[in-house]
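Sequence and predicted structure are below.
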Amino acid sequence: MRDPHVEVVYFKVDSAEDISYENPEPLSFSNHLGEFCLVDGELKVVPTEHFCSAQEASQACERLNRNATQSLARISQAIDAEREDIRDRIETINDVLERTEFKHGTFLRLGSRSETFEHVKVFNSQMIRVLARAGSDDHDGRFRELKELVEKLEKATNPATSGTLESLRLLDSRYQLSFFAEEVEKDSKKVRDVLESSSGKSGGEKESFAGTIVAASLAYVLTPDGYDRPLYCTVFLDEAFSNTAEAVSRRVLKVFRELKIHVNLITPYKNLNLARESARSLLIAERDQDKHESRLCEVTWEEIDKQLNQHEHHVLQGAAKSLGIEMEPV
């Protein structure tokens with residue numbers, strides 16, 4: 001028979017798995033004089049933080065499950081929101097690409113598709129099941145499922161394993177998607193070709209595809225959340241279009257302009273005409289091979305034209321002189 005002076009029956013808890021709600025083994029009792037525990041046949045005072053009542057244990061487990069479930073819900077929402085953000089930003093870029101020309105009469109449209117990975121599929125199924133049971137009174141069952149999910153999250157966020165492809169695919173939406181480009185006819189909006197890469201394309205098509213994708217990628221990276229254009233938009237293209245046909249280069253540079261990207265071209269002197277159409281100012285790098293020195297010279301297009309005319313005049317004079325023709329100044 002229970003002592004009428006005993007107010008609370010306690011039992012020790014080492015982990016949530018040890019919590020039992022049926023017939024807990026009494027290890028101590030409390031009355032108006034204090035809290036005691038039978039140790040080696042003697043009653044000794046034991047700090048109350050070492051024990052909890054069955055009701056308190058149940059409340060603690062329920063609170064643990066509720067907080068963990070709320071955290072999982074936020075993780076799930078963040079992953080879904082990131083995936084939607086990626087698609088929204090791609091659509092913003094597509095609005096610009098539709099106004100530019102990929103090839104004569106066509107434009108590029110970027111797209112994405114979800115990839116299926118078995119460990120991600122299992123993780124998502126477990127998360128859906130746990131979230132669906134958020135209001136369940138089966139705290140033990142929920143705890144076991146939460147524990148398994150938390151272990152997977154711990155592995156995916158551990159610095160030692162967070163960089164593996166398995167971990168990245170679990171939590172990073174970018175690794176759960178694959179990307180492609182469609183070549184679309186401007187007038188009919190008919191898809192002419194689907195491009196996963198530039199394989200099998202001609203040299204000009206590869207250059208046009210690569211240049212457009214570079215421009216779109218830069219715009220994606222440099223455009224902050226909530227904006228429709230890059231805030232920091234200055235980029236440098238080294239050896240830009242050095243072996244690219246001028247027609248292709250012009251189309252690609254137009255894409256950069258439409259995407260509001262400020263391009264600085266580092267390009268061979270032979271591409272001067274291309275630079276003239278895209279750049280407002282010019283820096284010429286000169287190297288003295290005898291002294292092994294280099295310098296930068298800032299010039300205007302008017303000065304460049306004057307130098308080019310003088311150069312052409314000297315070349316023409318030299319050619320005329322070699323033929324015995326004397327030229328008079330105009």
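Sure, I can see it.

Do I have it right that Asn264 meets Thr234?
Yes - between Asn264 and Thr234 there is a contact at 6.8 Å, judged by C-beta atoms under 8 Å. To be clear about C-beta, it is placed using only N, CA and C from the backbone, and glycine gets the same treatment.

which of these two has more neighbours?
More crowded of Asn264 and Thr234, by other C-beta atoms under 10 Å: Asn264, with 15 against 10.

hey, where'd the strands end up in the stretch 151-300 of the chain?
All strands of the stretch 151-300 of the chain, identified by DSSP state E, counting those that start in this stretch, fall at 177-185, 191-195, 234-238, 262-266, 282-288, 293-299.

Distance from the third one to the middle of the chain?
If I follow you right, that is strand 234-238. How far strand 234-238 lies from its chain's middle: 21 Å, per C-alpha atoms, centre = their mean, to the nearest Å.

And the fourth one, by the same measure?
From the chain centre to the centre of strand 262-266 is a distance of 25 Å (C-alpha atoms, centre = their mean).

hmm, back to that, mind giving me JSON lines with the strands of the stretch 151-300 of the chain and columns for distance to Ala132 and mean pLDDT?
Below are these laid out as JSON lines (distance: least, C-beta to C-beta, whole Å; pLDDT from 0 to 100):
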{"stretch": "strand 177-185", "distance to Ala132": "25", "mean pLDDT": "92"}
{"stretch": "strand 191-195", "distance to Ala132": "38", "mean pLDDT": "90"}
{"stretch": "strand 234-238", "distance to Ala132": "47", "mean pLDDT": "87"}
{"stretch": "strand 262-266", "distance to Ala132": "50", "mean pLDDT": "86"}
{"stretch": "strand 282-288", "distance to Ala132": "63", "mean pLDDT": "84"}
{"stretch": "strand 293-299", "distance to Ala132": "65", "mean pLDDT": "87"}
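
Kindly reformat the ones you listed as TSV containing distance to Pro159.
Output for the strands of the stretch 151-300 of the chain, formatted as TSV (distance: least, C-beta to C-beta, whole Å):
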stretch	distance to Pro159
strand 177-185	25
strand 191-195	37
strand 234-238	32
strand 262-266	37
strand 282-288	43
strand 293-299	44
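
so which of those comes closest to Lys103?
Nearest to Lys103, of all those, is strand 177-185, at 7.2 Å by C-beta to C-beta.

which helices and strands sit right next to that closest one?
Applying 3 or more C-beta pairs under 8 Å, 6 or more residues apart in numbering; DSSP states H and E, one finds that strand 177-185 contacts strand 106-114, strand 191-195, helix 203-222.

Take these and lay them out in JSON lines including distance to Val150 and mean neighbour count.
Below are the helices and strands packed on strand 177-185 laid out as JSON lines (distance: least, C-beta to C-beta, whole Å; neighbours: other C-beta atoms under 10 Å):
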{"stretch": "strand 106-114", "distance to Val150": "25", "mean neighbour count": "17"}
{"stretch": "strand 191-195", "distance to Val150": "41", "mean neighbour count": "14"}
{"stretch": "helix 203-222", "distance to Val150": "33", "mean neighbour count": "18"}
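
Can you show me the helices along this structure?
Assigned by DSSP state H, the chain shows helices spanning 54-97, 118-132, 139-157, 165-171, 203-222, 246-258, 272-278, 301-322.

out of those, nearest to Gln289?
helix 301-322 (19.1 Å).

Next, the angle from that closest one to strand 293-299.
Interaxial angle of helix 301-322 relative to strand 293-299 (axes from the mean of the first three to the mean of the last three C-alpha atoms, to 10 degrees): 110 degrees.

and helix 301-322 with strand 282-288, angle?
Using the same axes, to 10 degrees: helix 301-322 against strand 282-288 is 50 degrees.

Flag every buried residue along stretch 242-257.
For stretch 242-257, a neighbour-count test (16 or more other C-beta atoms under 10 Å) marks Thr244, Val248, Ser249, Arg251, Val252, Leu253, Lys254, Val255, Phe256 as buried.

now these in JSON lines, with distance to Ser136?
JSON lines is the format used below for the buried residues of stretch 242-257 (distance: C-beta to C-beta, whole Å):
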{"residue": "Thr244", "distance to Ser136": "63"}
{"residue": "Val248", "distance to Ser136": "61"}
{"residue": "Ser249", "distance to Ser136": "63"}
{"residue": "Arg251", "distance to Ser136": "59"}
{"residue": "Val252", "distance to Ser136": "57"}
{"residue": "Leu253", "distance to Ser136": "60"}
{"residue": "Lys254", "distance to Ser136": "59"}
{"residue": "Val255", "distance to Ser136": "54"}
{"residue": "Phe256", "distance to Ser136": "55"}
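
wait, which of the helices of the chain is closest to Leu177?
helix 54-97 (6.8 Å).

re the thing from before, put together CSV for the helices of the chain, with mean pLDDT and distance to Arg229 on each row.
Listed next are the helices of the chain as CSV, based on pLDDT from 0 to 100; distance: least, C-beta to C-beta, whole Å:
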stretch, mean pLDDT, distance to Arg229
helix 54-97, 78, 9
helix 118-132, 89, 33
helix 139-157, 83, 33
helix 165-171, 93, 29
helix 203-222, 83, 8
helix 246-258, 85, 10
helix 272-278, 78, 18
helix 301-322, 82, 28
